[in-house]
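**Student:** Show me how the following folds:
(chains A, B and C)
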Amino acid sequence: MKYSGKDFYNKVFELVKKIPAGKVTTYGAIAECLGSKSSARMVGWALNSTKRKDANVPAHRVVNRNGMLTGKNHFDGINMMEELLVSEGVKVEKNKIVNFSDFLWNPCSNK
DNA sequence: TTAGTGACTGTAG
DNA sequence: GCTACAGCCACTA
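**Tutor:** Residues are numbered from 1 along each chain as shown, chains lettered A, B, ... in the order given. Predicted structure coming up:
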């Protein structure tokens, strides 16, 4: 099944919302889960839209493949993303998640 | 409608 | 091992 148009966005929102507290995932993982691993950029773009649409999506739990908080710049506060993750039990240091693999959560697992 | 851009990733040098 | 480039697809102006 191929996701096209807004379904892609919708699917991204659904998956991100399912991410349990204290866990994180990557753009690539989500994209791959949707069947388009090359569209990792779209995932980030979708998350940007969530903020814009005031959607209840924990975008701070989505980071890049290296576990780096590349999207923190898009949050209201520069340190907001890190603060949120830390408050959930995720170790963050210098905008990067410590023991990233340990906190990694596969969105496809929940499916 | 066309063109530009974007919170990434993988391959090549 | 690190840096640079190209590809990907949908949205915004």
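**Student:** Tell me where the model's unsure across chain A.
**Tutor:** In the prediction, chain A carries residues with pLDDT under 70 at positions A:1-6, A:37-38, A:53-55, A:110-111.
**Student:** Which residue would you name as the spatial centre of it?
**Tutor:** What sits nearest the mean C-alpha location of chain A, by CA atoms, centre = their mean, is A:Val62, with 1.9 Å.
**Student:** how much space between that residue and DNA strand B?
**Tutor:** To DNA strand B, A:Val62 is 5 Å away according to CB to the nearest atom of the strand, to the nearest Å. (C-beta placed from N, C-alpha, C; glycine too.)
**Student:** Distance-wise, check that residue relative to A:Ala21.
**Tutor:** 14 Å (CB to CB, to the nearest Å).
**Student:** So the residue nearest to the centre of chain A is in contact with A:Val43, correct?
**Tutor:** Yes: counting by CB atoms under 8 Å, A:Val62 does reach A:Val43; the two are 7.2 Å apart.
**Student:** between those two, what contacts are shared?
**Tutor:** The contact sets of A:Val62 and A:Val43 overlap at A:Tyr27, A:Ile30 (CB atoms under 8 Å, 6 or more residues apart in numbering).
**Student:** what residues does chain A put near DNA strand B?
**Tutor:** Within chain A, the positions adjacent to DNA strand B are A:26-28, A:31, A:37, A:40-45, A:47-48, A:50-51, A:59-60, A:62, A:64-66, A:70-71, A:73-74 by CB under 7 Å from any atom of the strand.
**Student:** List buried residues within those.
**Tutor:** Taking 16 or more other CB atoms under 10 Å as the criterion, what is buried in the residues of chain A next to DNA strand B is A:26-27, A:31, A:40, A:42-44, A:47, A:50, A:59-60, A:62, A:70-71.
**Student:** Turn the residues you listed into a markdown table, columns for secondary structure and distance to A:Val86.
**Tutor:** Conversion of those to a markdown table gives the following (DSSP: H, G, I helix; E, B strand; the rest coil; distance: CB to CB, whole Å):
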| residue | secondary structure | distance to A:Val86 |
| --- | --- | --- |
| A:Thr26 | strand | 19 |
| A:Tyr27 | helix | 21 |
| A:Ala31 | helix | 26 |
| A:Ala40 | helix | 25 |
| A:Met42 | helix | 28 |
| A:Val43 | helix | 23 |
| A:Gly44 | helix | 22 |
| A:Leu47 | helix | 19 |
| A:Thr50 | helix | 21 |
| A:Ala59 | helix | 16 |
| A:His60 | helix | 10 |
| A:Val62 | strand | 16 |
| A:Thr70 | helix | 17 |
| A:Gly71 | helix | 16 |
